[in-house]
Each structure stands twice: as structure tokens, then as C-alpha cells.
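>>> fold the following for me, if possible:
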Amino acid sequence: MPHATDTPIHEIRAFNRFYTNLIGALDYSRQLYVPYTLTEARVLYELHHASHLDAADLRGELCLDAGYLSRLLGKLEKAGIVVRAPSERDPRRQRITLTARGRETAGLLDERSSEAVGSLLSNVPAADRPRLADAMRTVREILSGGGSGAAPSRSILREPAPGDLGWIVQRNAALYAAEFGFNTDYEGLVARIVADFAEDHDPHLERVWIAELDGRPAGCVMCVRDDAPGTARLRLLIVEPDARGHGIGDQLVGACIEFARGVGYREMVLWTNDILGAARTIYQRHGFVLVDEKPHRSFGVDLVGQDWHLHLGSAS
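From the prediction side, this is the model:
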């Protein structure tokens with residue numbers, strides 16, 4: 001008969017068996033109709049949601065054996081999914097990057113995973129879903145040490161899921177109203193930008209990133225084609241107030257620049273206002289140069305609009 005102290009072990013093992021069966025973890029490729037194991041899909045996920053990773057980063061993040069990871073990456077490289085090259089930070093390390101085909105593959109995996117979870121949630125009463133999400137968050141926090149404040153917050157970048165484009169409009173409007181007094185004209189502008197992207201964008205040349213911090217949306221940015229040939233435009237960068245200080249703004253801008261450079265844009269431009277001091281600091285840190293500024297009255301307030309440009313060229 002188990003002792004009382006054995007109960008958590010029994011319950012955790014029982015939960016593990018239940019949950020792996022529920023999500024099909026033991027037969028991942030068949031569940032999602034893809035030719036990848038769960039480990040391979042997780043590697044693609046990490047690469048897809050970071051601007052780039054070294055092999056050592058992947059090894060540490062996923063707790064994988066070095067030899068096993070090397071063989072896995074070799075398989076993905078042979079399939080044209082990833083490329084390996086000396087790291088810019090340390091030539092002794094390997095930088096791993098998704099190819100265009102790899103980004104498409106990882107996007108498909110994300111889409112099918114979201115569909116699978118959506119199907120799972122469809123059987124859960126709407127009133128129980130917040131309780132389920134809170135319970136899962138509690139499990140993560142306790143097992144990671146977050147309940148005692150020991151574990152650092154972790155941010156990732158991902159593509160938007162259903163509902164995220166609406167979140168971009170809502171959070172832009174709310175944050176700019178609260179922090180700078182913008183009226184609903186700004187919400188209308190953001191809604192048009194997001195609607196244009198949703199209705200007609202080239203997924204090979206335009207992209208949106210959602211930043212997550214500890215599993216919740218914490219920021220966003222958009223890369224779209226500008227009217228000028230060979231030029232990308234960075235739009236709608238925000239970071240939630242309680243998520244600032246974690247480097248999320250730098251992550252978002254860096255991902256936007258790397259994507260634009262990778263698909264062949266020669267220049268990136270953006271328009272902002274001088275009151276956005278923290279954002280301007282990020283832009284300057286990434287090499288943007290102020291080329292013009294002009295006073296204007298928009299969104300119910302007096303502002304100074306600024307145009308910033310970045311020559312992309314080759315990655316340094």
C-alpha cells in the first residue's frame with residue numbers, strides 16, 4: 001500500500017499517461033498526418049519561434065543528447081528543412097536556420113497542432129475552459145519553480161493563432177489610449193492595417209509575430225511590403241507594460257529584420273512618433289536611421305512623426 005507521500009508521484013504518473021494518450025504523443029506523426037516525430041517537430045517549433053538558434057541552444061533547451069541532435073539535424077538538412085553554418089557569435093558553434101521550405105513545414109505543423117488542440121477543446125464546455133487553462137498554468141509554474149519566483153520568465157515568438165489579429169487591434173488601441181491619449185481614430189487605422197494583412201498578404205514576403213511570455217500574448221510586430229520596390233515596412237510594434245524589461249521588443253524587431261533580409265528585401269522602413277522613446281531606442285540599436293520628421297495632429301493629439309530607414313544588405 002503506498003504511503004501518503006507517494007500520492008503525488010502516483011498522480012503525476014497517472015496524469016502523464018492520460019495526457020500523452022489524449023494528445024497522441026506516442027503516435028504524433030499519424031495524429032497530425034506529418035512525417036515527423038514529436039522530437040523533430042519540437043526542434044522545428046523552436047527554430048520557427050526564434051530568430052536563430054545555435055545547436056548548443058537547442059541541446060540545452062530540449063535536453064537532447066548531442067549525438068542524437070546532430071543526427072536529427074542531419075536528417076532535416078538532407079530534406080532541405082534546415083541549414084547549418086558557423087555561428088556568428090562563435091565560429092566553433094553551429095547556427096541552425098530554417099530554409100523557406102522549413103518555415104512552410106513548421107508553419108504547417110503549428111497549424112495542425114492548433115487544429116488538434118481546437119478539436120480537443122471543442123469537447124470542453126466553454127465555462128470550463130478558463131479553469132482548464134488556469135490549471136495548466138499552475139502546473140507549469142509549480143514544476144518550473146515559478147510559484148516561488150525562482151524560474152525566470154520565458155518569451156517566445158510565434159505566428160498568430162485564430163483570434164490574435166483581433167488581439168493586435170484591441171491591445172494597440174487600449175495601450176495607446178492609456179499611455180498617450182490616442183482616440184478611436186488610431187484603433188480604426190490599426191484595424192485597417194490588420195484587415196488588409198488578413199485579406200491579402202504574401203506569406204513568403206509578409207509576416208506577423210506574436211510574442212508570448214509565460215504562455216500569454218505579450219507583444220507583436222508586423223513585416224509587410226512597402227510601396228517602394230525591394231522595401232519592407234515594420235508596423236504595429238507593441239509590448240505589454242507588464243512584459244517590458246524582458247527584451248521582447250528587441251526580439252520582435254530582430255525577427256522582423258532577419259526575416260526581411262532572408263527573403264531578399266534591400267531596405268526596411270518604419271514610421272513612428274517622437275513620443276515613443278523606448279521603441280525608438282530599440283530601432284536605433286538595430287541600426288535604423290532617422291531620415292525625416294514632421295509635426296502633425298492625429299488621433300486627437302499633437303505629435304511629431306518620424307521616418308526611419310534601415311539598409312539591409314547582407315547579414316553581418
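
>>> and the helix or strand in which residue 106 is found, what does it pack onto?
Following DSSP states H and E, one finds residue 106 within helix 100-121. Contacts defined by 3 or more CB pairs under 8 Å, 6 or more residues apart in numbering; DSSP states H and E place helix 100-121 against helix 7-23, helix 28-32, helix 38-48. Bear in mind the C-beta positions are built from the backbone N, C-alpha and C, glycine included.

>>> got the angle for the longest one vs helix 38-48?
So that's helix 7-23. 80 degrees (axes from the mean of the first three to the mean of the last three CA atoms, to 10 degrees).

>>> just the angle between helix 7-23 and helix 100-121, please?
Using the same axes, to 10 degrees, helix 7-23 lies at 110 degrees relative to helix 100-121.

>>> mean confidence for the helix holding residue 106?
Averaging pLDDT along helix 100-121 yields 82.

>>> buried residues in it?
Using 16 or more other CB atoms under 10 Å as the test for burial, helix 100-121 gives 102, 103, 105, 106, 107, 109, 110, 113.

>>> in CSV: those, plus distance to residue 135.
Listed next are the buried residues of helix 100-121 as CSV, based on distance: CB to CB, whole Å:
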residue, distance to residue 135
102, 34
103, 33
105, 32
106, 28
107, 29
109, 26
110, 24
113, 20
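
>>> between those, which is nearest residue 305?
Nearest to residue 305 among these is residue 103, at 33.3 Å by CB to CB.

>>> how about the closest one: what's its closest non-neighbour residue?
Excluding the flanking residues, the one nearest residue 103 by CB to CB, 6 or more residues apart in numbering is residue 48, at 6.7 Å.

>>> tell me which stretches of the stretch 51-200 of the chain form helices.
55-62, 66-78, 100-121, 129-144, 164-180, 184-199 (DSSP state H, counting those that start in this stretch).

>>> give the buried residues for the host helix or strand of residue 278.
According to DSSP H and E, residue 278 maps onto helix 277-285. Going by neighbour count (16+ other CB under 10 Å), the buried part of helix 277-285 is 279, 280, 282, 283.

>>> so can I have a markdown table of those residues showing pLDDT and distance to residue 292?
What follows is those, written out as a markdown table (pLDDT from 0 to 100; distance: CB to CB, whole Å):
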| residue | pLDDT | distance to residue 292 |
| --- | --- | --- |
| 279 | 91 | 17 |
| 280 | 91 | 14 |
| 282 | 92 | 19 |
| 283 | 94 | 14 |
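
>>> for the residues you listed, work out which two are farthest apart.
280 and 282 (7.3 Å).

>>> run the chain-centre distance for the helix holding residue 106.
14 Å (CA atoms, centre = their mean, to the nearest Å).

>>> flag the shaky bits of the stretch 1-150 of the chain, pLDDT-wise.
Scanning the stretch 1-150 of the chain for pLDDT under 70 picks out 1-6, 23-34, 50-53, 88-90, 144-150.

>>> swap in 90 and give it another go.
Scanning the stretch 1-150 of the chain for pLDDT under 90 picks out 1-70, 83-98, 102-150.

>>> which residues does the residue most central in space within the chain form a beta bridge with?
What sits nearest the mean C-alpha location of the chain, by CA atoms, centre = their mean, is residue 157, with 1.5 Å. Counting by DSSP bridges, residue 157 is bridged to residue 211.

>>> distance of it relative to residue 186?
According to CB to CB, to the nearest Å, residue 157 and residue 186 sit 24 Å apart.

>>> again with residue 165
For residue 165, the distance to residue 186 - CB to CB - is 16 Å.

>>> go through stretch 191-209 and flag the buried ones.
191, 193, 194, 197, 201, 206, 207, 208, 209.
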